[in-house]
Every structure is written in structure tokens, then in C-alpha cells.
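Enquirer: Just need the structure, nothing else, for what follows:
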Amino acid sequence: MLQKIIKSFFIALFVLSFFVSNAAHAQFWKQKKKANNTENVIKEHTAEDVPELIDSTQIDIKEIAKKRQIPTTRKAVKKDAYRIDVLLPLGLEEISNQKITHPDKLSFTKKNLIYYIEGMQLAIDSLNKMEVPVNLYIHDAINLEDDLKNNLLFTNQLFKSDAWIAHTSSQELSTLSQLSLEKEIMLFSTFSPGASDIENQPYFYILNPKLNSHIESLLAFGQKKFVQDPKFFIYDTTSALSLDAYHKFNEFMGGNAISTFNWKHEKTKESIKANLVSNRKNILYCNTMNKVMIEEFLNFLETIPKEYEIVVMGMPNWKPYTKKKELSHVHFYTTQAFYFDGQGALCDWLKVNYKERHGRDIQDMTYRGFELIFGLGNALVKNGNQLYTPLSKSHRLWPLSHFNMEAQFDEKDTFLYFENTYLYIMHHLNGNEQMVH
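Expert: Below is the predicted model of the structure:
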């Protein structure tokens, strides 16, 4: 059973336990050093160079197989009832002071968190009706770091949990990970892809894949689908994040000849146009996640004659830019970790129940909240409070999205944690979106 609290905002019938904690903007991914025994596939151009064609099939990459070991975990314990604790930076006090009574009046981020919670509400209500013994506690983690250090009541309650779900920043994940390892409690990260200092943590699971996985999936899909088509890599190295993405493209690029272009090179635009092929699909990979540069690149695409068929393989944050009217003829491909097509009996049931309860159409974040609690709750009851074995072998614990948990290692083959590496490939054309892989 869930417990009621006074400051439950407007979520009726949902028993929440809120605490106040600290949130920061998400940090991204650890930049790994390039292995000395791997040659560059992508050539860095100087200001005087004109981008040239690099045949990556002629590069011999030697890899030395090493024995990898995953730390053991405690054995699962079967219990009469299980507890799940969710930590997210809702900021209840601020919302209360603003006297906001409807989620549509909140910021985009806060609104999605409300949809997320509403999905969890549907899940826990469903589990309770099925007499599945799972209790859910949601904590307002707006001051998480401070509470973990100074709020003894909060930490004592948290340590009674069987699983933590953290929708928090990388910095806060580091602290939670240390406590998770110490207390042998499973920790699921659903927002930040991870923290750079987490290693040897067999209780830590990342559901939202890191940039490395996004790039590998996109390249593998592109190389398979567009085998005979000319490929171009337009890269940006002006920020740490873009530089990290550049190195990951460099690591995974292979199997075809790639024309590479530095976006800041003064001759890049005319060089790209000169190399386009009119009777083939022209595959343009781009690693930038900088909003200004994305806009610049899209404006450049408008200048390319429509006789050339353009296919753009973008980064995870490109989705909002794929609906530009002037580029309705351009094919865009992006990756994403969660996908709900709204089809099937379960989705139909969720739509109806959500509409009856809240008076509006269901959102993606609602699906995510539902499947996370519904899947995890059923998995706990079936397997006990340690899911190392079932999570490593199957994604069928979850009712909607696919997950593929794989052990992650650094360049020294040190075990880090488990990460979901299953990604959907989305095709965007003329404002429409379709899942293609």
C-alpha cells in the first residue's frame, strides 16, 4: 500500500512519500582515451586541407582479447512485500508556491515528470488490483545530495528499499551508486546515462544508453541498409561533447569508404556539394549536438538541389529538427531508447484508463512510468530482490519496450556496470515518424 502525504500536489489516489533533495543539469559521458593499437579511420583536416576520401576497409584494426570478469552479487531474497523508491527532481515546494494546479501550466521538464508519475500511478494501482505485493515511494529529489548527507530519516527509509529508480544527474548518481553498492540495493538510472567514476558496480543498471551505444547502433544500421551508397561524415569538434562523439564515430566507422568534412572548414560546403551523387542516396552522418550548428547544417541542406537524395543520420537530440518544412524531402534517421507505438491491448487499456482519470491523451512519459514500475514490480515478485540473472538474459521483464542489459567494461577491461544497449532506429520524413529497426 502507498502512504498519503499532505503535499501530494494534484495526483489523486496515489500515495507518495516525498523528501526534498538537490538536482543539477545532466552531465554526459566519460571521454575514453583512444587505444594506441587502433589507427584513425577519420582524418583530422587542417585549414589548408581539402577533405579527402578515406577507405576504411583498408585499415587493419588489431584487437587483443582479454579475460573479463563481472563481480558477484548477493543472492536474491524472496519477501512478503517489496519496496521501490523513485527519486526525481520535481520541486514540489516551488510548484506549491506558484499555486499551479494543472501540469499543462508547468515547464516542459516538470510536465514530463508529472506524466511520468501518473504512469507509475497507473502501474501501482494495477499491481495492487492484481494483489502483487509492491509498495511505491516517490521522493522529490530537488536537494538530493544534501538529504543523503544530513537527512537521517530519509536515508533510513531509503535503505529499506529493494530497488532505487533515479531520474537524476550524473553527479548525484555517483553518490547513489556508492550507497547502492554499500547496501547491495539495485539502482536503475532512467535519465542520465551514467557517471564517469562508477566502476565495479554490479547493482547499477542504465536504462537510457550512453552516446557510445547510440553511435554504434546508428552506424551499424547505416552500413547495413546503405551498403552501396556514398557516405559522408560531417563532424564538429568545437565542444567536449562533440569531440567525444567524434572519437566514437572514429572508433566505429568502418566497412565502407567515407568522405569526411570538418564543418568549420571554409571549403566544406562546396566540397560536400561537389561529391554528391545524383543517382544514389547520399548518406550524411553528423556528430554535432550543438543546437546552433544543427541549425546551420539544416540551412545548408536547403541549398542542395532536390535532384540529390539526401539521408541524414543524426544524433539522439536531432528529433525535434526533423520536422522542418523546407526539408520535407530529406530522410532523417535517429536513435531512441524507448518506443511506444500505442498499439495492442495493453496500450489500448492504458489510453482509456488514463483518459478517464486525467481527461487528456496519454504521453510517452506516461508509458515509460507505467512499464518501469509494472515490469520491475512483477520481476521482484517473481525473482526476489536481486535481478542480475533475469535482467542479463531477457528483456521480457518489461511489457512495452525492449531492453538488452549488457555488462560494460573500460579500456583496461575493468567491469563498470550494466547498460541497456537496445536502441530503436526511427525514420523521419515529411514530419512523419516510423520505427524501422
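Enquirer: Looks like residue 371 contacts residue 400 (just checking).
Expert: Yes - shown here, residue 371 and residue 400 form a contact pair, counting by CB atoms under 8 Å, at 4.4 Å. Backbone N, C-alpha and C define where each C-beta goes, glycine included.
Enquirer: Just want to know which of those two has more residues nearby.
Expert: More crowded of residue 371 and residue 400, by other CB atoms under 10 Å: residue 371, with 23 against 19.
Enquirer: ok, that one - contacts?
Expert: Shown in contact with residue 371 (CB atoms under 8 Å, 6 or more residues apart in numbering): 119, 123, 398-401.
Enquirer: give me that answer again for 6 Å
Expert: Contact partners of residue 371, counting by CB atoms under 6 Å, 6 or more residues apart in numbering, are 398-400.
Enquirer: Let's see the helix or strand it falls within as PDB, backbone CA atoms only.
Expert: In this structure, residue 371 sits in helix 364-383 according to DSSP states H and E. C-alpha atoms of helix 364-383 as PDB (Å, rounded to 0.1, in the frame of the first residue of the first chain):
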ATOM      1  CA  ASP A 364       5.200   8.800 -23.900                       C
ATOM      2  CA  MET A 365       6.500   9.600 -20.400                       C
ATOM      3  CA  THR A 366       3.300   8.000 -19.000                       C
ATOM      4  CA  TYR A 367       4.000   4.800 -20.900                       C
ATOM      5  CA  ARG A 368       7.600   4.900 -19.500                       C
ATOM      6  CA  GLY A 369       6.400   5.400 -15.900                       C
ATOM      7  CA  PHE A 370       3.900   2.600 -16.200                       C
ATOM      8  CA  GLU A 371       6.200   0.000 -17.800                       C
ATOM      9  CA  LEU A 372       9.000   0.800 -15.400                       C
ATOM     10  CA  ILE A 373       7.000   0.100 -12.200                       C
ATOM     11  CA  PHE A 374       4.800  -2.600 -13.700                       C
ATOM     12  CA  GLY A 375       7.700  -4.500 -15.100                       C
ATOM     13  CA  LEU A 376      10.000  -4.100 -12.100                       C
ATOM     14  CA  GLY A 377       7.300  -4.900  -9.600                       C
ATOM     15  CA  ASN A 378       6.400  -8.100 -11.300                       C
ATOM     16  CA  ALA A 379      10.100  -9.000 -11.700                       C
ATOM     17  CA  LEU A 380      10.700  -8.500  -8.000                       C
ATOM     18  CA  VAL A 381       7.800 -10.800  -7.000                       C
ATOM     19  CA  LYS A 382       8.900 -13.500  -9.500                       C
ATOM     20  CA  ASN A 383      12.700 -13.400  -8.900                       C
END
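Enquirer: Helices of the stretch 301-437 of the chain, residue ranges please.
Expert: 345-358, 364-383, 388-393 (DSSP state H, counting those that start in this stretch).
Enquirer: returning to what we had before: what's the closest of the contacts of residue 371 to residue 225?
Expert: Distance ranking of the contacts of residue 371 against residue 225, using CB to CB, places residue 400 first at 25.3 Å.
Enquirer: Next, the contact list for that closest one, please.
Expert: Contact criterion CB under 6 Å, 6+ apart gives 340, 367, 371 as the residues in contact with residue 400.
Enquirer: and of the helices of the stretch 301-437 of the chain, who's closest to residue 161?
Expert: helix 364-383 (10.7 Å).
Enquirer: Also compute the angle for the closest one relative to helix 345-358, please.
Expert: Between helix 364-383 and helix 345-358, the angle comes out at 120 degrees (axes from the mean of the first three to the mean of the last three CA atoms, to 10 degrees).
Enquirer: And the average pLDDT for helix 364-383 is what?
Expert: Averaged across helix 364-383, pLDDT comes to 93.
Enquirer: Repeat that for stretch 91-100.
Expert: 77.
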